[in-house]
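1. Kindly return the folded structure for what I paste below:
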Amino acid sequence: MSRERDAVLCEMGLGPIWKLREQTAETVPAAATPAVVRVSVSEADTPPPPAAMAEGAPPDHDVPLDAYAFDSRPDDDDEDATPTVDDRAARIAAMDWVELKQSVAECRACELCKQRKQAVLGVGDVNADWLVVGEGPGADEDERGEPFVGAAGKLLDAMLDAIGLKRGKDVYIANSVKCRPPGNRTPEAAEINACAPYLQRQIALLQPRLVIALGRPAAQTLLGREVKIGEARGKLHAHRDIPLIVTYHPAYLLRTLPDKAKAWEDLVFARRTMQKLKNS
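-> Next up is the predicted model:
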């Protein structure tokens, strides 16, 4: 292990719990075409595959994007949607960044608006290749109006730095819900659904190459199905044709230090995936 890698792992708090072992090849589908692309992973600087990768197909395989689950929520023009919901989603789908920010700030679509100090749209580079999606604002985020600014935010910044990214440069950070759930509880389905048009519009405006879902609520929002992080991580999923990788939420990692090693595996997987997408 190089000195540079040692420094990165120490910064993430991995320390001696990380040990590099042999890694098999990963696979990555191209972001904009149905063609299958193989990712070649270097044995010298890539961690071992997580156990979840052993389930189903063998680690060294090619799988097209349409083999994975996509967001199953109805499109804006679904006939079963009520006119009110459909009209609101259609209005949001036509907004630019300025209009989107104002709409989020004034939103009263769910109960979360009653206790918030301010809504938190997101932060970062609006031309970014990377999109990171978390769960929802906490107390610090509600106070400052920016996602991931507390202890979990510091860890997220360290995680991004470990793969050569900086907040505000080639990465945009958002949440599944834009207002703080009381007591930092998990957002309810109605609250996530109320915010879904905002997140969808952010994704449409950004057109990221790769999405990283932090934690179960974000993963379930984007994949439109029940998700277990331990089973979903280490695999390439997709949200409406955009490659998506699932990993642990930084707040969880602060409480469960051993799983930082697994998060590091996911970051390396994400970095290799992005490299292959840019070269495809």
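2. Please name the residues that touch the closest residue to residue 243 other than its chain neighbours.
-> Excluding the flanking residues, the one nearest residue 243 by Cβ to Cβ, 6 or more residues apart in numbering is residue 210, at 5.3 Å. The C-beta positions use only the backbone N, C-alpha and C, and glycine is treated the same way. Applying Cβ atoms under 8 Å, 6 or more residues apart in numbering to residue 210 gives the contacts 31, 129-131, 242-245, 270, 273-274, 277.
3. Try it again at 7 Å.
-> 129-130, 243, 245, 270, 273-274, 277 (Cβ atoms under 7 Å, 6 or more residues apart in numbering).
4. And residue 182, by the same measure?
-> residue 115.
5. again with residue 140
-> Per Cβ under 7 Å, 6+ apart, neighbours of residue 140: 149-150.
6. picking up where we left off before, so of the contacts of residue 210, which ones are in helices?
-> 270, 273-274, 277 (DSSP state H).
7. Residue 119 sits in which helix or strand?
-> Using DSSP states H and E, residue 119 sits within no helix or strand.
8. okay, now it: neighbour count?
-> Neighbour count of residue 119, defined by other Cβ atoms under 10 Å: 22.
9. The residue lying closest to residue 190 once chain neighbours are set aside: what's it in contact with?
-> Nearest residue to residue 190 in three dimensions, chain neighbours excluded: residue 110, at 6.0 Å (Cβ to Cβ, 6+ apart). Counting by Cβ under 7 Å, 6+ apart, residue 110 touches 190-191, 194.
10. Of these, which is the nearest to residue 88?
-> residue 194 (9.1 Å; Cβ to Cβ).
11. The closest one touches residue 109, doesn't it?
-> Yes - using Cβ atoms under 7 Å, residue 194 is in contact with residue 109, at 4.1 Å.
12. quick one, which of these two is more surrounded?
-> Neighbour count, other Cβ under 10 Å: between residue 194 and residue 109, residue 194 has more, with 23 against 19.
13. For the strand or helix carrying that one, buried residues please.
-> Assessed by DSSP H and E, residue 194 sits inside helix 189-206. Judged by neighbour count using 16 or more other Cβ atoms under 10 Å, the buried positions of helix 189-206 are 191-203, 206.
14. pLDDT-wise, which helix or strand of this protein ranks last?
-> strand 36-39 (a mean of 35; mean pLDDT, DSSP states H and E).
15. which is the next helix or strand following that one?
-> helix 83-93.
16. Would you mind pulling the contact partners of that following helix?
-> 76, 103, 197-198, 201.
17. Span of stretch 118-128 from start to end?
-> 25 Å (Cα to Cα, to the nearest Å).
18. Check which residues of it are buried.
-> 118-125, 128.
19. Kindly report the same for stretch 253-266.
-> Here stretch 253-266 shows 253, 259-266 as buried, counting by 16+ other Cβ under 10 Å.
20. okay, among those, which ones form the most distant pair?
-> That would be 253 and 265, which, of the buried residues of stretch 253-266, are the farthest apart (Cβ to Cβ) at 12.6 Å.
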